[in-house]
Structures are given as C-alpha cells and as structure tokens.
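Student: Compute the structure for the input listed below.
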Amino acid sequence: MIPLTLIYIVSIGVYSLWVSIFYHRLTSEFDGIEAPGTAPETDFTCNDREQGSLTGCAFLNITDTALLIGFALSFLMAIALGGNDAASPTANVVGARVLSVRQSVLLFTVFATVGALSQGYMNMKTVGTGIVPSIDLLGAIIIVLTAFTWIMICNYKGLEISVTHTVVGSILGYGVAAFSVSGVNWSLIQTVVLSWFTSPILAALIAFALHKFIVKMSSRYESWERSMSSVLKLALCYSAYAFGANDIANATGVYVTVTHMALGGPPEGRVMFMLAVFGSIGVIIGGFWLGPKVIEMVAFNIIRLNVVSATAAEITNALVVHMFVTIPYIVMGYGVPVSTSLANIGALVGVGFSSYGATGINKKTVGTLVLCWVMSVGVTALVTFTLYSLLLPITGPLLRPVTG
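Tutor: Here you go, the predicted model:
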C-alpha cells in the first residue's frame, strides 16, 4: 500500500502544479481574443459559471479548485489505465517467456504513447462529445472518480477488467442524469456495445486461423519458427500502438469540453493532443508501477503459451483493436472504443482452441473476467447516475458550455 499511496500523493501534487503552469501559459496566448458569444469586458459572478464562458473573467475559487481536482483525477485514471490494461499488449510476450515483464512494459509505454499522440483523438471525440452532447465539469469529475475507483478495486484483485466498459458505463449514467434518456446518442451506444460482442468473437476466429497457418508454415520452413521471437516483439509494438490509439480516450476524453473552455477556446485538435500527452504520462507510470500483477495473471492463468501461439494472439489483438479505431472513424467520423481486454482474451481463447482444444483454456478465469466486464457497465452507470443526481442541486454543474 505504501507505493500506491506515494503514487497518489506525488501524482496529485506534480500534476496539479503542471496543470496550473500550463493553463496560465496557454491562456496568456488568448489574451485579448474574444471567444464566440462572449465579451471580454464582462465581469462574471459566482452564478455566471453556469453560462460556460470563462473568457475575460477570473476563475472563482470553487471552479479553479474543481478543475485542479478533476485533472488530477484524470491523471490518476491514466495511471489506473496503464496498470490494468498494460496486460493486453504485453501478456502474450511474457507468457511465451520471450521478454521479461519490465522489458515488455518498456516497449509498451513507448509505442502506446506514439499511438495515443497520433490517433488518440479518434476515440477521444467519441468519448468527449459523441455519446452525450457535452460533459460539464461536475460530470467529468464524477465519471472519472467512479471509473477510477472501480478500476483500482479490480487492479487490487488482479483482475483485468475492461476500462472501456467502465468509462462508457460511467458516461451513460451521467448522460441519463444530465440530459435524460433522450439526450444520449443511443445509435452510437448500440454501435459501441455491438463492437464489444463482435471484437472478441472476431479476435478468436482470426487467432484460431492465424495460429493454424503459422504452425503449418513453421513445420514446412525452419526459418519461420526461428523468426517467431522477433515477429512477436514487433507484434507487441503494434499492439501497444493500437492500445494507445484506442484507450487514451478512456482516461482523458471526458475532459475535452471542459479543457476547451478552460483554455479559452483553442482548436479542438490542440486540446485533444494536449490531453493525449497528459494521459500518456499517467499510462507510463501505471504500466511500470501497477501493471506486473495483472500481466502475470493474464500471461500464465488462461492458457499455456509458446512463441507461436503468443505471436498469433498478439497480431490478432493489434489488428482487431486498430481496425475498430480507424475504420469507423473514416466512415462515420467517430472511432469505436473497443475493449482491448476483450480482444486480447478472445485472441487467447482462439489460440487455446487451436493448440489444445477446450481443455487448454482456464474456463474459471475466463468466466470471472467476463462477469467483471458485465458488472463494470452496470455498476459504474448506477453510481455515476446517483452521484450526479444528488450533487447537481447542491453544487450546480460548476462549468458547462452554452447549449443555445
């Protein structure tokens, strides 16, 4: 518990200081620039924070404090994300004993950061403004606090839950509380939920076929088998990249609207890139500090992995996750945040059937993980709905955009 406590204290202090400095540096660039629909000379009062315009006014203590708390929670959420989901790209390499836990996490942090900075905005748009019209400051704090708490409970138990399920469930609870049932983009929710079912099935089928193919080619050509270790390492890098593109929104996506307003209205692309940088730092910390326990559980407690089976699972996981991020964004303008945990477990199940049949899969472990994934959506949605409904009449939204 001491290392975890130190992470909390140091992270909150450093990150709060960093946000304060970065905020003042960026807002200085917008001095004298009038945001749409606002007047720089207007002095806002305590009630004016509900109008959602911060241009030309000084932050009030309650809003300033809430922003710092919110961003600190977002950073802690990124730490939890790195600790829980680092297993998705790294467990196969560790299970095949090609790399150590620390070596695999090092590669994971590098390429996950690249993926987050280059394609993280695709799912960030979905999480921030796709499922619900916008997320006010109170809602963002409650969403992240709820998701973070649930993830840390499961981290402590060594369970690789779906962070995507957790965050989407939290946003859904907020959306119903803030905008009613009609205010939620149910068509997008249906697409996301459908992906949760199709991604593991698709991963299992691809992994099954790919494993059969690699085994066949390795039996014919000795060079194939010798090259598998190198291919597995490259597959880890690709899988980590896909993870960064898919999952960074889970830590920071709910703050797109709030950050855009707090910084005086810079381009949305700059806001998302900045949030991707914030989140990536937290993912790196979480991967090294909290990841090993979950990595070892997934690597050694589901199926017995060798280099060939691990390679098939790793390539499949990367392809499926990256495909759901990229293709829907090209088609409809929103990435579809799938569960990297589900995709990875689906790939492992496919490889397990190909290698050993049904007897080679630890059904108890898989069943426990599936139960946690289902519970994640319901628990977080209920908690977020309840907290927002109770706190909104007391505090107000703290900060929200003009909806006219």
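
Student: Return the helix or strand in the chain with minimum mean pLDDT.
Tutor: helix 2-27 (a mean of 45; mean pLDDT, DSSP states H and E).

Student: so where's the protein shaky on pLDDT?
Tutor: Within the chain, the stretches with pLDDT under 70 are 1-63, 155, 158-160, 301-303, 358-363, 365-366, 399-404.

Student: What residues sit buried inside the longest helix seen in the chain?
Tutor: Assignment by DSSP state H gives helix 186-220 as the longest helix of the chain. Within helix 186-220, the residues that qualify as buried are 188-189, 191-192, 195-196, 198-200, 202-204, 206-208, 210-211, 214-215, 218, counting by 16 or more other CB atoms under 10 Å. (Glycine included, C-beta is placed from N, CA and C.)

Student: next one: the helix or strand following it to chain centre, how far?
Tutor: With elements assigned by DSSP states H and E, the helix or strand that comes after helix 186-220 is helix 222-252. Relative to the centre of its chain, helix 222-252 is centred 17 Å away, using CA atoms, centre = their mean, to the nearest Å.

Student: now could you export just the CA positions of whichever helix or strand comes after helix 222-252 as CSV?
Tutor: Per DSSP H and E, the first helix or strand lying C-terminal to helix 222-252 is helix 256-262. The C-alpha atoms that make up helix 256-262 are tabulated as CSV, following Å, rounded to 0.1, in the frame of the first residue of the first chain:
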residue,chain,number,x,y,z
VAL,A,256,-12.4,17.6,-24.0
THR,A,257,-15.2,20.1,-23.4
VAL,A,258,-14.0,21.3,-20.1
THR,A,259,-10.4,21.8,-21.2
HIS,A,260,-11.5,23.5,-24.4
MET,A,261,-13.4,26.1,-22.3
ALA,A,262,-10.7,26.4,-19.6
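
Student: which element follows helix 256-262 toward the C-terminus?
Tutor: Scanning forward in sequence from helix 256-262 by DSSP H and E, the next helix or strand is helix 268-289.

Student: for that next one, packing partners?
Tutor: helix 2-27, helix 61-85, helix 101-125, helix 222-252, helix 256-262 (3 or more CB pairs under 8 Å, 6 or more residues apart in numbering; DSSP states H and E).

Student: May I see those helices arranged in JSON lines, with mean neighbour count as well?
Tutor: Output for the helices and strands packed on helix 268-289, formatted as JSON lines (neighbours: other CB atoms under 10 Å):
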{"stretch": "helix 2-27", "mean neighbour count": "14"}
{"stretch": "helix 61-85", "mean neighbour count": "24"}
{"stretch": "helix 101-125", "mean neighbour count": "22"}
{"stretch": "helix 222-252", "mean neighbour count": "23"}
{"stretch": "helix 256-262", "mean neighbour count": "24"}
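
Student: Distance to Ala276 added to the ones you listed, as JSON lines?
Tutor: Below are those laid out as JSON lines (distance: least, CB to CB, whole Å):
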{"stretch": "helix 2-27", "distance to Ala276": "14"}
{"stretch": "helix 61-85", "distance to Ala276": "10"}
{"stretch": "helix 101-125", "distance to Ala276": "4"}
{"stretch": "helix 222-252", "distance to Ala276": "5"}
{"stretch": "helix 256-262", "distance to Ala276": "11"}
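
Student: what's the closest of the ones you listed to Asn306?
Tutor: helix 222-252 (8.9 Å; CB to CB).

Student: Are there helices or strands packed against the closest one, and which ones?
Tutor: Helix 222-252 makes packing contacts with helix 61-85, helix 87-95, helix 101-125, helix 163-179, helix 186-220, helix 268-289, helix 307-332, helix 340-356 when contacts are defined by 3+ CB pairs under 8 Å, 6+ apart.

Student: Count the residues that sit near Gly357.
Tutor: Gly357 has 9 neighbours, counted by other CB atoms under 10 Å.

Student: From Val349, how far off is it?
Tutor: As judged by CB to CB, to the nearest Å, Gly357 and Val349 stand 12 Å apart.

Student: what's the answer for Glu296, then?
Tutor: 19 Å.

Student: neighbour-wise, which of those two wins?
Tutor: Between Glu296 and Val349, counted using other CB under 10 Å, Val349 has the larger neighbour count: 24 against 16.

Student: How about the more buried one: what's its closest non-neighbour residue?
Tutor: Spatial nearest neighbour of Val349, excluding adjacent residues (CB to CB, 6 or more residues apart in numbering): Ala204 at 5.1 Å.

Student: Am I right that that neighbour is in contact with Gly350?
Tutor: Yes: using CB atoms under 8 Å as the test, Ala204 is close enough to Gly350 to be in contact (3.6 Å).

Student: related to what we said a few turns ago, can you give me the angle the longest helix of the chain makes with helix 163-179?
Tutor: Between helix 186-220 and helix 163-179, the angle comes out at 170 degrees (axes from the mean of the first three to the mean of the last three CA atoms, to 10 degrees).

Student: Can you name every helix or strand that helix 186-220 contacts?
Tutor: Using 3+ CB pairs under 8 Å, 6+ apart as the contact test, the elements touching helix 186-220 are helix 163-179, helix 222-252, helix 307-332, helix 340-356.

Student: right, and those - which one's nearest Thr380?
Tutor: For the helices and strands packed on helix 186-220, proximity to Thr380 was assessed by CB to CB; helix 163-179 is nearest, at 3.9 Å.

Student: Would you reformat the helices and strands packed on helix 222-252 as CSV and include distance to Thr386?
Tutor: Converted to CSV, the helices and strands packed on helix 222-252 look like this (distance: least, CB to CB, whole Å):
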stretch, distance to Thr386
helix 61-85, 18
helix 87-95, 30
helix 101-125, 26
helix 163-179, 8
helix 186-220, 20
helix 268-289, 27
helix 307-332, 31
helix 340-356, 26
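
Student: Among those helices, which comes closest to Pro397?
Tutor: Among these, the nearest to Pro397 by CB to CB is helix 163-179 (8.0 Å).

Student: List the buried residues for that closest one?
Tutor: Buried residues in helix 163-179, counted by 16+ other CB under 10 Å: 163-179.
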